[in-house]
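S.K.: A predicted structure for the sequence below; I have some questions about it.
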Amino acid sequence: MRSLPWSWYTDPEVERLEREHVFRRAWQYVGRAEAVADPGSYLATDAGGVPVVITRDEEGALRAFVNVCRHRGSVLVADGAGRRETLQCRYHAWTYRLDGTLRSAPRAEELETAGLTLVPATAALWGPLLFVNPAADAPPLADTLGDVPQRLADAGVDLARLRFHGRVEYELAANWKVACENYLECYHCPTAHPGFSALVDVRREAYRLEADGCVASQLGPLRAPAKTGRVAAGHFHFVWPNLKLNVYPGHPNLSVGPVLPAGPERCRGFLDYFFDPDADDAWVAELLELDDRVGHEDRELVEGVQRGVRAGAVPDGPLLPESERLIVWFQERVADALGSRFTSS
Ligand code: FES
Ligand SMILES: [Fe+2]
């Protein structure tokens, strides 16, 4: 079993094709539903290379648009969240309503503006989590999430009960696929993550890897019975193409966030942390510290892979059919998405 050609981890043409064929119709977690709860609220962000703005219009409808002015193509609203009555472009002051229709444009008598509305995208909620898909005819979010909501519920994580703790952002000198693939195996855990491996049983016979539909899941039982809380195992779910959902053992908790391409050899991401109100501060601090340590360990690994593959001196490598089966699953999806549009040379 061979990996994808390593040239796919540096080639700008592959990055362009991924933007079009992987991310253009993919669901992205962007933040908390709370940000767009009230009429007049909005959230603007990047959804896998497409600027999007999500609004709650005056009628209370949740809407999403490509955040690009229909006039000359300026990004309409700066990234961030807040409240506003209209979306006004800073370039020539074309002004759109929160339902995407054009309300006014200076000197509009020179031009036929009827029918010019913002290009629609799709927004959806999963409990307190807000998702957007840059496509107007996106498949239902629930189809993409598959059994993840049920698995979290079964594990004792009630999303409605969790409280937001904070967001941690990061940037890595590595292709986004290197970061995803690193997430999708725990073959490296015994050597690279001693702290994590002391908590979670990462041996091949104990650690489960399962892929179904758009979801790849890793379930790591605890080494010793849980001292605190109700969650008995580590759950690490990956939703195609780029979303991580982590639940650590102990008190109910969730960290969720994407890995986004930022050029052929860079990626960036964030994790939003949520905790059960009963989780005590010391326990939360300990978990965040462990996760931060694992993050530093992984940074070294993925940036090391990028330095190696970019050299161009080695064409590809083998994948372990069992221990790296979720990478096989991921790479098959990447190859499918790019299809015959890209063949390595
Ligand atoms: S580009 Fe937005 S008003 Fe001209
Ligand atoms: Fe890791």
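M.R.: Looks like it came in fine. Numbering: from 1, shown residues only. Ligands and ions are numbered 1, 2, ... in the order given.

S.K.: for residue 190, which non-adjacent residue is spatially closest?
M.R.: Nearest residue to residue 190 in three dimensions, chain neighbours excluded: residue 197, at 5.4 Å (Cβ to Cβ, 6 or more residues apart in numbering). C-beta: built from backbone N, CA, C; applies to glycine.

S.K.: can you classify the one you found by secondary structure?
M.R.: helix (DSSP: H, G, I helix; E, B strand; the rest coil).

S.K.: before we move on, what about residue 138?
M.R.: coil.

S.K.: distance of the spatially closest residue to it that is not a sequence neighbour from residue 141?
M.R.: The spatially closest residue to residue 138, leaving aside those adjacent along the chain, is residue 122, at 4.0 Å (Cβ to Cβ, 6+ apart). Note on residue 122: its distance to residue 141, by Cβ to Cβ, to the nearest Å, is 8 Å.

S.K.: go on, residue 27?
M.R.: As judged by Cβ to Cβ, residue 27 and residue 141 stand 6 Å apart.

S.K.: what touches both of those two?
M.R.: Listed as contacting both residue 27 and residue 141 by Cβ atoms under 8 Å, 6 or more residues apart in numbering are 124, 131, 133.

S.K.: is it fair to say the residue nearest to residue 138 lies in a strand?
M.R.: Yes - Residue 122: assigned to a strand according to three-state DSSP.

S.K.: number of residues surrounding it?
M.R.: Residues contacting residue 122 under the criterion other Cβ atoms under 10 Å number 23.

S.K.: same thing with residue 180?
M.R.: Residue 180, neighbours per other Cβ under 10 Å, totals 26.

S.K.: is it true that it touches residue 238?
M.R.: Yes - taking contacts as Cβ atoms under 8 Å, residue 180 lies within contact range of residue 238: 7.1 Å.

S.K.: returning to what we had before: so what sits against both of residue 122 and residue 141?
M.R.: residue 133.

S.K.: separation between residue 334 and residue 249?
M.R.: 31 Å.

S.K.: higher neighbour count, the two?
M.R.: When residue 334 is set against residue 249 and neighbours are counted by other Cβ under 10 Å, the residue ahead is residue 249, at 24 against 20.

S.K.: residues contacting the more buried one?
M.R.: 199, 200, 222, 226, 229, 231, 232, 233, 234.

S.K.: which is the next helix or strand following the longest helix along the chain?
M.R.: Longest helix in the chain, counting residues (DSSP state H): helix 281-310. Counting by DSSP states H and E, the next helix or strand C-terminal to helix 281-310 is helix 325-338.

S.K.: which strands or helices does that next one pack on?
M.R.: helix 12-18, helix 176-183, strand 208-212, strand 215-221 (3 or more Cβ pairs under 8 Å, 6 or more residues apart in numbering; DSSP states H and E).

S.K.: buried set for it?
M.R.: For helix 325-338, burial by neighbour count (16 or more other Cβ atoms under 10 Å) applies to 325, 326, 327, 328, 329, 330, 331, 333, 334, 337, 338.

S.K.: what about the stretch 101-250 of the chain, any weak spots by pLDDT?
M.R.: 225-227 (pLDDT under 70).

S.K.: check which residues of stretch 64-78 are buried.
M.R.: Those would be 64, 65, 66, 67, 68, 69, 70, 71, 75, 76, 77, for stretch 64-78 by 16+ other Cβ under 10 Å.

S.K.: and the furthest pair within the residues you listed?
M.R.: Greatest spacing in the buried residues of stretch 64-78, by Cβ to Cβ: 64 and 71 (19.9 Å).

S.K.: who's in contact with the host helix or strand of residue 150?
M.R.: Per DSSP H and E, residue 150 falls inside helix 148-154. Defining contact as Cβ under 8 Å, 6+ apart, one finds that helix 148-154 is touched by 126, 142, 159, 215, 217, 235, 237, 239, 245, 247, 254.

S.K.: wait, the fourth one touches residue 238, no?
M.R.: Yes - under the contact definition of Cβ under 8 Å, residue 215 touches residue 238, with a separation of 7.0 Å.

S.K.: those two: who's more crowded?
M.R.: residue 238 (24 against 20).

S.K.: so how far is residue 22 from the spatially closest residue to residue 21 that is not a sequence neighbour?
M.R.: Nearest non-adjacent residue to residue 21, counting by Cβ to Cβ, 6+ apart: residue 337, 4.5 Å away. Going from residue 337 to residue 22 by Cβ to Cβ gives 5 Å.

S.K.: anything in contact with each of the two?
M.R.: Here residue 337 and residue 22 share the contacting residues residue 241, scored by Cβ under 8 Å, 6+ apart.

S.K.: from ligand 1, how far off is residue 38?
M.R.: Residue 38 sits 26 Å away from ligand 1, going by Cβ to the nearest ligand atom, to the nearest Å.

S.K.: same deal with residue 127?
M.R.: Distance from residue 127 to ligand 1, by Cβ to the nearest ligand atom: 35 Å.
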